[in-house]
Structures are given as C-alpha cells and as structure tokens.
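Colleague: any chance you can model this:
(2 chains)
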Amino acid sequence: MSDETLPAAIASQSDFIRHFIRHEPILRAYARTMLPDWNAVDDALQEASVVMWEKLDQLENPQGFLPWAKVIVRFKCLKIVETLRYQRPLFEQAVIEMIADEAAELIPDDSANRRAALDGCLATFSEMQREMLLAPYHDHGRLQALAIDAGKTPNAIYKMVARLRQKLSECVELRLDGQGA
Amino acid sequence: MVRGPEMNPKSQMQLYILGQLDEPSVAKLNEQMGSDPELRRDFIRAVQVDAALRERSLHRAMEHVQGEGGMPGVANTNKRWPWRFIASSLALAASVIAVIGLWSGGPNAVATIQSSENAAWESPLPTMPGAELTTGELQLKSGLATIRFRSGAELLLEAPANLELIDPMRGRLNSGAAMLQVPDSAKGFVLETPNGFAIDYGTRFAVRVDDAPGLTDIELLEGEIEVHHDATGDSKRLTRSGSTATYSSSTIEFSQAVPEEDYATSASQSGDKTIRIGTNGRCRSVVAFEKFQDRRIGPSLLYVKKGNAPNWDYRSFFEFDVSDLDIRQFQTARLRLNLVPSDIGMAARLPRINRFAVYGLTNASKTHWKSDVLWSQSPGPDDGVLLGRFEIERSQQRGVFGIEGPALLSFILDHGDAPVTLIVVRETTKNDEGIGTGLVHAFASDDHPEAVGPMLELISK
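Modeller: Take a look at the predicted model:
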C-alpha cells in the first residue's frame, strides 16, 4: 500500500498499524544499532508503539511517520540502554548516540533489495557455514552443538561466526553497491 | 565472553552484536568507534545484516511450522511479536493480532520500580530498579523508592512503608509515607489507605499513614484530589495547595492551610483565570564544550548540569512571549518544567538534594539569541537576575518542577513588552571527585515525544 492512497493524517487504528508494520523492519534495525539484543528491541518497539499511538495527533501527515517514529524509538532505546548497561559491557552513551544519529540517516528503506542481496550472498557459503550464520538466532544449544560436532570450543565457534558474518556483511554491501542502491 | 585482541575491529563488532565480546575489548572498540566514522558506518551495516539474517532465520522457522506443525529449536526470537511474519502474507489477520501484540504489556505487570535510594525491601515481588511488579505487597524497610504504575502515576515511597499494588490505577498504602505524582494519563488514580481513600485528579499530593494511632494525613501539594472517609461517608475535593485531610477510623477533619503571602491572591478560587504559555520552540540547551554541542544535545531534552569539569557543564534557556497579553492583570506567575529521565550520567554520584536556579535575562545584547547559539554566546546567569531556586532529589527522574513568586512576576511585568528569556542552571555539583559523569538533569523541551516543554503560567482573578 502506498502513502498516496491514505488520508492526510493517520486517523484509525488500522491505518496506524499498517504504517507501523510497513516501517517496522527499519525501526527494528534502527533500534538494534542502539540495543545489545533482540529482546531489548522487542521491548523498545512495544513501548514506542504505545507512545506513537498516544501521540498520533502530533503527526501532521503520513509521509512524516518514519522520521517521527524514529525519534520516539531513539528515545525509548536510549532509556533502555541505561538499565542494560549495568548488566553487560556496552559502548558509552555518547558513542551509542553518535551511532543512532548516523543510523537514522543511513538505514534506508531498501529491505527488499537487502533481502535479495543477503540471499544471493548466503548461496555462496557452504551448508555448514550457513548453519553457523543462522545458529545465533536459535536457542543457545544450536551453536554449542555445532561446536561439539566440529570439535571446537564455543569461543572458537563464536570467532568463526564473527568472521563469517563480517564476510557476509561485505558481500551484501558489494551487491547493493553493484545495483547502485 | 570472547577476548578479541587478535581480531580486527570489524570481527570484534560482530562479536559485540552477538553479545560475546568481553569488557576490555568492548572498551577498546568503543574508543575506536568514537573516533572513526567509517567504523561506525560498518557497524550500522553489520546491524542491518544481523536484522536481515534474523528475519531469514525466522522465515525458515515459519516454514517449519507450516510444514511440520512445530517450531524446532527456535527460542528467544520474537516471542511477543510473532504476528510480524504472519503480517506479510495475511495482512487482514495481522491487524487483529497486532492490536493484542501492541496494547498488552508484560503479563500482569502493574508497576515498575523506577529508582531507589538506599532501599531495603522485604517482599515476595522483585525489588531491583527496573523490575516489573505484578499485583502484590511491597514492604520497604529503609530508604526511598519510586514506584511507577503502568498508568503513569508515580509514587515516591518513604520507609518504613507497606504498599499494595492492586492495578495500574489503584494502590493501597497500609503504612508509611508517600508522595504521589499523577500525570494526565493517570487522572483518577486511587490511593487507598486504612479508613479511606484519595482520588487524584492530576498532579501531586503527600500522604502519611501512621498505623500506631491509626491516622492518615493527606496534604494536597498541587492540583486537585478528592478524599473519601469510609466510616462517615464524607468526601471532599481539595483544590488549594496546602489543604489537608486527617482521618482516623471514626472521624475526618479537613483544614485549609493558611496561604503564604506569595500565594495570597493566587490560584484555584473560583473566578481565577490561568493562562499557560509555551516557548513555541524557543528553547535551547548548550554545553560548555562547544565542539560537542551537536553530538551531546538532542532536540528533545533540555540539559542542566554543573560538574567538577567546567567543560561539561550544561545549561538551558527558553523564551516566553507575553507581549500580546495584558500582563498587569496577573497576580501570580509560575514556571513549570517537566523533569524527564536523563540519558547522561549517574544519579548516585550526585548529592541527595540538587539545587537549581532560574535567572531572568536582562542583558539586552543577548535577548535575541539564535536557535543554534553556542555556550559562549548564549545567555547565562551573569546576563540576568536571580528569580528563584528549586530542588530535586537525586532519586527523582520525573515530575514537575519550577519556581513561583513575586520575583518571577515582577520580572515579567518589567520585561514582558518583549519576549522574556529564563535561564536554568544547576548550582550543586557532583558528590565525589571521580571522573565518572554525574547525572545531567534533563527537562522536556517542546520537541520531547512524551512530556510538555517549559510552561509559564500566569494567574489572574
């Protein structure tokens, strides 16, 4: 659904949800640049969505939804980071803010291209490597099991995964650049 | 945790994203990230790949579900938001599920512990700051704690106290003292006590339940509350600051505080007229280290701080345009600032009470400050006259603060033919000599997504 078919402001709950769902992948990635894991991102987006719904009358036109939503998400994330900071090592607040500022500009609405690039790149990896790339999103046991299968320590496996992801990241950027995206 | 000294920064940031990088390596990477924009760009790209990978893995899980009727091995992923992935294919169904996903909070959470001051608890509920609280009883043995109900009502609890959480709009103070702050979102919040209850129609009141003689004292600080007494069925609305209600199991007594001189002609009597003026976007916060102005200060917060290193001091100022009003008709002026949680520094490094001063700008050469003015050119305390002070306890993260009184009113009367600028600074500094950052207090600006920006209230008869 394109913005042009929508009324001048977002009036109904279903309109709001449509907008939210449409932009959610970007907002999630944006939140993840500030937050250390996906559970925290879930919390931030859930809280932010409530604020958005309550503050919807501030939004003058639907085209402004994404930048407006980012401000609210940023605010929630920075607040959540404060509490997580006591539980694990994180970047300093000033650095996280710099990243957030730059990410707000840098994360474009190109999720379809990006997904295609990712699929293309994944195809160049071996079956085992693909397993390792996707393992962190499954329960912790999956990566442990892979480590045992490969006769490695979990630490060694994490390092391998990190290097594979770095390769994948470079491959995706190369493909996107190639498309002129 | 993985130590990563022999790895390149790009692999290290992957470990950081995976939550597997150890503390020394995080500190080092933090430094590199802070100074290298290229590296930050790589980090943002890496996060995007992480997001796409995760989505891919969830899609695979969904295929499993459709194919096998189970979701093998998938944990920790989108537990609360499964509808996102159904959404793309089943748009209609998604909007129904989304409503549930969006509007329900954690299971049964009634409140969270917002902050605590030396708090010691005896409670079956979790008592760490940030902990989500379900219905139940909290016993505060010592110290202070701020409990934020899901409705937005905030209760600063003073030990020894016993508080029951009933639902997001209702609590019961069985013993102890508390200050209750109720924003618009929680108007109608009910605080029960033995023998009666109070309904808060907005803003603040103080309550003390003394269980030995069985007395409850309620004092209205600001706004409006209604007090009910069980035994006599009496109820009364308190609308004037300083009004009190005292009740035992059998009797209730109301008293109107003798108004202080400053308030003699002010507020709340029928026929009073209150005009609220916002800054219309004319609010600004500056940091002494001008190079960091844009890095440190976002548009939604007005920062105020005094520290041991003057380079990192912050102050804020804002403008009210009263030139269109007949200001002679007003008898009281009040500045209201909304304190909001800050994203910089630690509250524990501050003294318990933090003092703030408000100045009125008189230096004519600074009155037309630009919206991008930096510290050295911006209005400061030396450019004006002191109008008043207010205090904030370090344990407080939210609330309405400000000044009121003849100094503010006469400043506005004297200078109100043009827009007036008020300047807020913190006078108290950090407690310790360490290098860590003390809390930078933050007030909402006009751009704040949740709270209102600075407000000037003018009250006339």
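Colleague: C-alpha from now on. contacts and neighbour counts both.
Modeller: OK.
Colleague: which helix in chain A runs the most residues?
Modeller: Taking DSSP state H as the criterion, chain A has its longest helix at helix A:154-178.
Colleague: now the helices for the chain?
Modeller: Using chain A. Remark: helices assigned in chain A by DSSP H are A:13-34, A:38-54, A:65-84, A:93-106, A:111-122, A:127-134, A:140-150, A:154-178.
Colleague: try again with chain B
Modeller: B:9-17, B:23-35, B:37-68, B:83-87, B:91-103, B:293-296, B:406-415.
Colleague: which of those helices comes out lowest on mean pLDDT?
Modeller: Mean pLDDT is lowest for helix B:91-103 out of those, coming in at a mean of 27.
Colleague: could you tell me the angle between the longest helix of chain A and helix A:127-134?
Modeller: Here helix A:154-178 points in a direction 90 degrees away from that of helix A:127-134 (axes from the mean of the first three to the mean of the last three Cα atoms, to 10 degrees).
Colleague: could you list the buried residues of helix A:154-178?
Modeller: Residues A:154, A:157-166, A:168-173, A:175-176 are the ones in helix A:154-178 that count as buried (16 or more other Cα atoms under 10 Å in any protein chain shown).
Colleague: now it: average pLDDT?
Modeller: Averaged over helix A:154-178, pLDDT sits at 88.
Colleague: got JSON lines for the helices of chain A, with distance to residue B:185 too?
Modeller: Listed next are these as JSON lines, based on distance: least, Cα to Cα, whole Å:
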{"stretch": "helix A:13-34", "distance to residue B:185": "19"}
{"stretch": "helix A:38-54", "distance to residue B:185": "10"}
{"stretch": "helix A:65-84", "distance to residue B:185": "18"}
{"stretch": "helix A:93-106", "distance to residue B:185": "29"}
{"stretch": "helix A:111-122", "distance to residue B:185": "36"}
{"stretch": "helix A:127-134", "distance to residue B:185": "43"}
{"stretch": "helix A:140-150", "distance to residue B:185": "41"}
{"stretch": "helix A:154-178", "distance to residue B:185": "44"}
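Colleague: comparing these, which yields the minimum mean pLDDT?
Modeller: Mean pLDDT is lowest for helix A:140-150 out of the helices of chain A, coming in at a mean of 74.
Colleague: run through who's touching that one.
Modeller: Residues from elsewhere that reach helix A:140-150 (Cα atoms under 8 Å, 6 or more residues apart in numbering or on different chains): A:132, A:135, A:136, A:153, A:154, A:157, B:73.
Colleague: and what of stretch A:74-90?
Modeller: The contact list for stretch A:74-90, computed with Cα under 8 Å, 6+ apart, reads A:31, A:34-36, A:40-41, A:44, A:47-48, A:93, A:97, A:100, B:22-23, B:26-27, B:130, B:341-343.
Colleague: pull out the buried members of these.
Modeller: Buried members of the contacts of stretch A:74-90, counted by 16+ other Cα under 10 Å: A:31, A:34-36, A:40-41, A:44, A:47-48, A:93, A:97, A:100, B:22-23, B:26-27, B:130, B:341-343.
Colleague: who touches the nearest residue to residue B:169 once chain neighbours are set aside in this structure?
Modeller: Nearest non-adjacent residue to residue B:169, counting by Cα to Cα, 6 or more residues apart in numbering or on different chains: residue B:189, 4.8 Å away. Counting by Cα under 8 Å, 6+ apart, residue B:189 makes contact with B:153, B:169, B:170, B:182, B:199, B:200, B:201.
Colleague: ok, now which ones touch the closest residue to residue A:176 other than its chain neighbours?
Modeller: Among residues not flanking residue A:176 along the chain, residue A:117 sits closest, at 6.6 Å (Cα to Cα, 6+ apart). If you count contacts by Cα under 8 Å, 6+ apart, residue A:117 has them with A:172, A:175, A:176.
Colleague: residue A:116 now?
Modeller: Taking Cα under 8 Å, 6+ apart, we find residue A:116 in contact with no residue.
Colleague: and the gap between it and residue B:163?
Modeller: Noted for residue A:116: a distance of 55 Å to residue B:163, by Cα to Cα, to the nearest Å.
Colleague: quick check: residue B:143 touching residue B:159?
Modeller: Yes: when contacts are counted by Cα atoms under 8 Å, residue B:143 is listed as touching residue B:159 (5.6 Å).
Colleague: compare neighbour counts for those two and give me the winner.
Modeller: Shown here are residue B:143 and residue B:159; by other Cα atoms under 10 Å in any protein chain shown, residue B:159 has more neighbours (19 against 16).
Colleague: low-scoring stretches of the stretch 301-450 of chain B, by residue?
Modeller: Of all residues in the stretch 301-450 of chain B, those with pLDDT under 70 make up the ranges B:309, B:348, B:431-437.
Colleague: near chain A, which residues of it?
Modeller: Selection of the stretch 301-450 of chain B residues close to chain A by Cα under 8 Å from any Cα of the partner chain yields B:341, B:342, B:343, B:344, B:449, B:450.
Colleague: got a list of what the second one touches?
Modeller: Pointing back at residue B:342 there. Residues in contact with residue B:342 (Cα under 8 Å, 6+ apart) are A:79, B:397, B:439, B:440, B:441, B:442.
Colleague: can you count the residues close to the last one?
Modeller: Burial measure for residue B:442: 26 neighbouring residues, criterion other Cα under 10 Å.
Colleague: which residues does it bridge with?
Modeller: On the basis of DSSP bridges, residue B:442 is bridged to residue B:303, residue B:340.
Colleague: show me the contacts for it.
Modeller: By Cα under 8 Å, 6+ apart, residue B:442 lies in contact with B:301, B:302, B:303, B:304, B:339, B:340, B:341, B:342.
Colleague: can you tell me how far it is from residue B:394?
Modeller: Between residue B:442 and residue B:394 the distance is 12 Å, computed by Cα to Cα.
Colleague: quick check: the farthest pair among the contacts of residue B:189?
Modeller: Greatest spacing in those, by Cα to Cα: B:170 and B:201 (13.1 Å).
Colleague: for residue B:54, see how far away the residue nearest the centre of chain A is.
Modeller: The centre of chain A sits closest to residue A:29, judged by Cα atoms, centre = their mean, with a distance of 1.8 Å. For residue A:29, the distance to residue B:54 (Cα to Cα) stands at 11 Å.
Colleague: same deal with residue B:171?
Modeller: Here the distance between residue B:171 and residue B:54 works out to 41 Å (Cα to Cα).
Colleague: cool, and residue A:87?
Modeller: In this view, residue A:87 and residue B:54 are 23 Å apart by Cα to Cα.
Colleague: please apply the same query to residue B:36.
Modeller: Distance, residue B:36 to residue B:54, by Cα to Cα: 27 Å.
Colleague: quick one: which of these two has more around it?
Modeller: Remark: of residue B:36 and residue B:54, residue B:54 carries more neighbours, 21 against 10, as counted by other Cα under 10 Å.
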